[in-house]
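Asker: The following comprises the amino acid sequence and a computationally predicted model.
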Amino acid sequence: MDKAMSGVSSKPADVNISNISIQVVSAQGKLPGRRPQRKPIGKSRPKKQIKKKAPFWNVQSKILLLTVFLFILAITAWTLLWLYINKTESKDAFYFVGMFRITNIEFHPEYRQKESREFLTVAQTVQQVVNLVYTTSAFSKFYKQSVVADVSNSSKGGLLIHFWVVFVMPHAKGHIFCEDCVAAVLKDSIQTNIINRTSVGSLQGLAVDMDSVVLNAGLRSDYSSTIGSDKGCSRHFYADHLSRCYPLEISATSGRLMCHFKLVALVGHLIRLSIESVQIEADNCVMDSLAIYDSLLPIHSTVLYRICEPTRTLLSFVSTNNLMLLTFKAPQIRRLSGIRAYFEVIPEQKCENNVLVKEITGFEGKISSPYYPSYYPPKSKCTWKFQTPLSTLGIALKFHNYSIAKKSVKGCEHGWWEINEHMYCGSYVDHQTIFRVPSHLVHIQLQCSSKLSDKPLLVEYGSYNISQPCPVGSFRCSSGLCIPQAQRCDGVNDCFDESDELFCVTLKPACNASSFRQHDPLVCDGFRDCEDGQDEQNCTQSIPCNNRTFKCGNDICFRKQSAKCDGAVDCPDGSDEAGCSCGGSWPALLRVTGGADTQEGAWPWQVSLHFLGSAYCGASVISREWLLSAAHCFHGNRLSDPTPWTAHLGMYVQGNAKFTSPVKRIVVHEYYNSQTFDYDIALLQLSVAWPDTLKQLIQPICIPPAGQKVHSGERCWVTGWGRRHEADNKGSPVLQQAEVELFDQTVCVSTYGIITSRMLCAGVLSGKRDACRGDSGGPLSCRRKSDGKWILAGIVSWGHGCGRPNFPGVYTRVSNFVPWIHKYVPSLL
Ligand code: ARG
């Protein structure tokens with residue numbers, strides 16, 4: 001493969017660009033060896049006088065010496081200055097990687113051989129063309145060279161050329177190098193004939209398909225490992241056998257792996273890559289990554305998928321042509337790193353189906369996304385035409401872990417669905433949903449809407465009675481499911497969207513003196529369990545030791561469980577403060593929109609998350625190295641990268657944290673929906689765990705038991721440094737707190753409409769006390785009545801404005817994510 005360099009063409013003398021470093025060349029000229037000429041002074045003197053030595057230190061020689069000295073000084077200073085300027089203006093190499101299709105040259109297998117005459121001839125021609133394009137462009141001063149890395153065949157005919165273009169320019173001018181501008185130069189150089197109406201044009205005499213041109217910014221390390229001498233564990237595979245599995249395996253326990261596996265299949269076929277296991281350091285692909293490309297070079301716009309964390313579940317991906325590139329990067333291996341995978345050559349599949357549905361209502365068949373069970377590739381499409389035998393029967397679609405909703409102004413993230421000319425967007429959820437189309441002729445089209453390959457979809461279909469979608473005696477959930485009437489209002493979320501538990505009239509037992517027997521454990525236990533306080537009146541006896549009191553090591557019973565883990569030693573033996581792992585049970589000492597300053601140290605799990613040095617979101621400490629926050633804080637390319645984030649712990653006044661740590665990893669919930677804010681939860685792993693010495697100031701909050709709702713009467717606070725009013729333009733310098741009440745889900749649904757079972761609402765009817773911008777990701781902390789511990793009931797997620805009457809704040813319901821949290825933080829169990 002090193003031979004690829006033989007196809008390098010460059011503008012000036014060949015330079016090994018892969019290793020460009022700061023080099024300062026100073027043309028240091030020598031000082032002219034001039035000697036000060038002594039001028040004859042007057043006439044020649046008499047011998048006697050000549051013999052007498054002329055005084056060396058006379059005024060003229062002094063002046064002359066001084067002049068020479070100053071001259072040397074000036075030259076030295078100038079040279080130093082010149083050196084300095086040159087050094088600061090260090091040069092950088094910029095790498096671009098791309099491909100295009102030459103339409104009028106026929107492919108021969110020889111092109112696969114880098115040392116073949118055929119390859120070298122095409123490589124040279126292409127390089128000359130690219131040289132010409134850039135040396136006559138605005139970038140000519142910086143253009144260094146182009147290198148053809150691969151020539152392959154394409155199902156559209158002709159040759160597919162993969163190449164690198166290298167520019168060298170002063171670092172300071174790097175910003176003029178926009179990716180689109182460099183690509184536009186190449187695209188604009190293709191002259192097409194408008195009359196012909198074809199995308200093929202002439203690029204300096206080469207017939208190039210305009211639509212095939214891709215040119216993206218690339219990495220120096222990829223340049224070196226794909227064409228340079230540093231090719232590490234790179235390999236090239238040519239697969240011409242259908243129904244054969246080609247294994248791909250690589251692993252190491254130390255050192256580094258920078259591998260490129262280029263896979264080429266028979267033309268007209270596709271590649272299915274199946275990944276059995278990946279062992280890498282999970283860091284959001286900052287250092288370690290496995291990337292799958294739809295081309296032979298790491299061109300980022302052709303990426304099909306990126307795996308950033310270890311996995312043992314079988315994942316498979318399909319290319320859109322006969323090429324695929326797999327890059328595995330692990331630059332600093334500490335434990336076993338590697339992959340186990342195989343690939344196959346598969347035929348291209350047309351996804352068009354006509355389905356005649358039977359008369360019997362119910363689900364009778366399955367449809368799936370293209371290339372199921374593989375991830376379906378970007379731009380892929382599928383169409384289904386359904387027909388039922390009677391006009392009274394419509395089509396029901398049961399989606400597995402997926403749901404579709406009317407397309408809004410925003411684009412779709414996980415699949416466009418066109419159903420009888422109406423547009424819908426798909427999203428992944430953790431349950432089934434049923435979508436019914438009340439028509440006996442249904443035309444459906446699914447199109448991949450994401451830039452990357454998307455998760456495979458499985459949909460059951462069948463007919464249903466349009467006039468009665470659910471059988472008699474059953475209830476129709478908003479998720480489309482039908483459940484037996486008896487399961488409605490039974491306290492269990494059978495519909496998965498809680499629609500069966502909304503609008504239920506629940507009778508709460510009346511609270512009066514007769515509700516309590518004298519020895520009821522709730523009576524005289526130091527807690528007000530009854531609205532009117534009946535249970536704590538007339539208490540004369542000493543408090544018995546029961547499960548609501550706390551027993552110190554020496555058998556003394558403390559009145560309140562809340563003495564435990566409140567940070568103050570109440571038991572003489574200190575046993576009340578032993579083994580306190582989370583949610584220390586001290587009361588909210590004092591009390592965001594409508595809030596008040598907290599007391600320093602009152603919310604020791606509160607975290608401020610800074611993005612590029614500025615406060616951006618909140619979070620909560622749940623263990624020594626894990627924080628819980630909102631997924632929407634990390635949405636988008638820049639925000640999802642952990643590198644610019646720092647977590648500030650044990651902080652009261654913004655900027656004065658007792659402990660800060662960079663963020664090593666961000667885990668956004670896989671079903672997070674940026675349009676509805678459903679599954680708005682993310683875990684953050686700190687690069688440095690907070691030390692034991694700070695446990696007085698930093699403490700984790702408890703995660704609620706799975707599925708547990710906040711009990712009525714429990715008090716909850718929202719905290720954060722966010723804005724204090726909707727109209728404010730900056731956050732609060734001091735941590736704020738506001739006591740909020742939990743809203744009935746029914747009331748919240750009637751206000752907002754789309755409230756899923758992953759959300760809960762809290763605030764006050766008058767508005768006034770609420771979270772606001774900047775509080776996102778922060779905690780909704782509720783004090784459990786039974787043991788006084790602080791529980792993370794919610795995560796600040798969204799709301800209509802801030803503190804508006806009747807519009808409560810919406811929080812992520814943490815109790816619905818307990819297994820998900822434990823998957824990443826098993827130490828919490
Ligand atoms: N999404 C907001 C943030 O970025 C939080 C909004 C909470 N709004 C509310 N009214 N409770 O900080």
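Answerer: Everything's here; your move.

Asker: so which strand or helix has the residue in the stretch 351-500 of the chain that the ligand sits nearest to?
Answerer: Nearest residue of the stretch 351-500 of the chain to the ligand: Lys410, at 15.9 Å (C-beta to the nearest ligand atom). The C-beta positions use only the backbone N, C-alpha and C, and glycine is treated the same way. Per DSSP states H and E: Lys410 is located in neither a helix nor a strand.

Asker: shouldn't it be in contact with Gln675?
Answerer: Yes. Between Lys410 and Gln675 there is a contact under C-beta atoms under 8 Å: 5.6 Å.

Asker: who has more neighbours, these two?
Answerer: Neighbours per residue (other C-beta atoms under 10 Å) separate Lys410 from Gln675, with Gln675 holding more: 16 against 9.

Asker: Let's verify the more buried one: helix, strand, or coil?
Answerer: coil (DSSP: H, G, I helix; E, B strand; the rest coil).

Asker: Ala239 and the ligand, how far apart?
Answerer: To the ligand, Ala239 is 49 Å away according to C-beta to the nearest ligand atom, to the nearest Å.

Asker: Number of residues surrounding that residue?
Answerer: Neighbour tally, Ala239, other C-beta under 10 Å: 19.

Asker: Helix or strand: which one has Val68?
Answerer: Per DSSP H and E: helix 59-88 holds Val68.

Asker: Which parts of the stretch 151-300 of the chain are strands?
Answerer: 159-170, 190-192, 200-203, 206-218, 235-239, 246-252, 255-265, 269-279, 289-293 (DSSP state E, counting those that start in this stretch).

Asker: beta partners for the residue in the stretch 1-150 of the chain that the ligand sits nearest to?
Answerer: Per C-beta to the nearest ligand atom, Phe94 is where the stretch 1-150 of the chain lies closest to the ligand, at 35.9 Å. In this entry, Phe94 is beta-bridged to Phe167, by DSSP bridges.

Asker: Also Val667?
Answerer: Under the criterion used here (DSSP bridges), Val667 is bridged to Leu683.

Asker: what's the spacing between it and Pro705?
Answerer: Here Val667 is placed at a distance of 22 Å from Pro705 (C-beta to C-beta, to the nearest Å).

Asker: Who has more neighbours out of the two?
Answerer: Val667 (23 against 9).

Asker: Surely the more buried one is in contact with Ala682?
Answerer: Yes. The criterion here is C-beta under 8 Å, and Val667 meets it with Ala682 at 6.2 Å.

Asker: ok, back up a step: which of the strands of the stretch 151-300 of the chain has the lowest mean pLDDT?
Answerer: Sorting the strands of the stretch 151-300 of the chain by mean pLDDT places strand 190-192 lowest, at a mean of 87.

Asker: quick one: contacts for the nearest residue to Val214 once chain neighbours are set aside?
Answerer: Of all residues not flanking Val214 in the chain, Gly98 sits nearest, at 5.1 Å (C-beta to C-beta, 6 or more residues apart in numbering). In this structure, Gly98 makes contact with His162, Phe163, Val165, Ala183, Leu186, Val213, Val214, Leu215, Asn216, Leu297, Ile299, judged by C-beta atoms under 8 Å, 6 or more residues apart in numbering.

Asker: Try it again at 7 Å.
Answerer: The neighbours of Gly98, taking C-beta atoms under 7 Å, 6 or more residues apart in numbering as the test, are Phe163, Val214, Leu215, Asn216, Ile299.

Asker: For Val667 and Ala682, list the residues in contact with both.
Answerer: With C-beta under 7 Å, 6+ apart as the test, Val667 and Ala682 reach no residue in common.

Asker: in which helix or strand would I find the spatially closest residue to Ile404 that is not a sequence neighbour?
Answerer: Distances taken as C-beta to C-beta, 6+ apart place Tyr424 nearest to Ile404, at 4.2 Å, with adjacent residues excluded. Assigned by DSSP H and E, Tyr424 belongs to strand 422-428.

Asker: Could you tell me which strands sit next to that strand in the sheet, and their orientation?
Answerer: Assessed with DSSP bridges, strand 422-428 is paired to strand 402-406 (antiparallel), strand 416-419 (antiparallel).

Asker: want to try JSON lines for the ones you listed, with mean pLDDT, mean neighbour count and distance to Ser629 as columns?
Answerer: Below are those laid out as JSON lines (pLDDT from 0 to 100; neighbours: other C-beta atoms under 10 Å; distance: least, C-beta to C-beta, whole Å):
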{"stretch": "strand 402-406", "mean pLDDT": "94", "mean neighbour count": "19", "distance to Ser629": "25"}
{"stretch": "strand 416-419", "mean pLDDT": "97", "mean neighbour count": "18", "distance to Ser629": "30"}
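
Asker: With distance to the ligand added, can I get the ones you listed in CSV?
Answerer: What follows is those, written out as CSV (distance: least, C-beta to the nearest ligand atom, whole Å):
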stretch, distance to the ligand
strand 402-406, 21
strand 416-419, 27
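
Asker: okay if I get the ones you listed as a markdown table plus distance to Ser449?
Answerer: What follows is the strands paired with strand 422-428, written out as a markdown table (distance: least, C-beta to C-beta, whole Å):
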| stretch | distance to Ser449 |
| --- | --- |
| strand 402-406 | 12 |
| strand 416-419 | 5 |
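
Asker: Run the chain-centre distance for the strand holding Tyr424.
Answerer: 22 Å (C-alpha atoms, centre = their mean, to the nearest Å).

Asker: buried residues in it?
Answerer: Tyr424, Cys425, Gly426, Ser427, Tyr428 (16 or more other C-beta atoms under 10 Å).

Asker: Name the residues that touch stretch 719-736?
Answerer: By C-beta under 7 Å, 6+ apart, the list of residues contacting stretch 719-736 reads 592-593, 595-598, 603, 606, 608, 615, 618, 652-654, 737, 771-775, 778-779, 781, 796, 801-803.

Asker: measure Ser246 to the ligand for me?
Answerer: Just to correct that, residue 246 is Tyr rather than Ser. Tyr246 is 48 Å from the ligand, by C-beta to the nearest ligand atom.

Asker: quick one: that residue and Leu326 touch, right?
Answerer: No. Using C-beta atoms under 7 Å, Tyr246 makes no contact with Leu326, being 11.6 Å away.

Asker: Since that was my last question, I'll sign off now.
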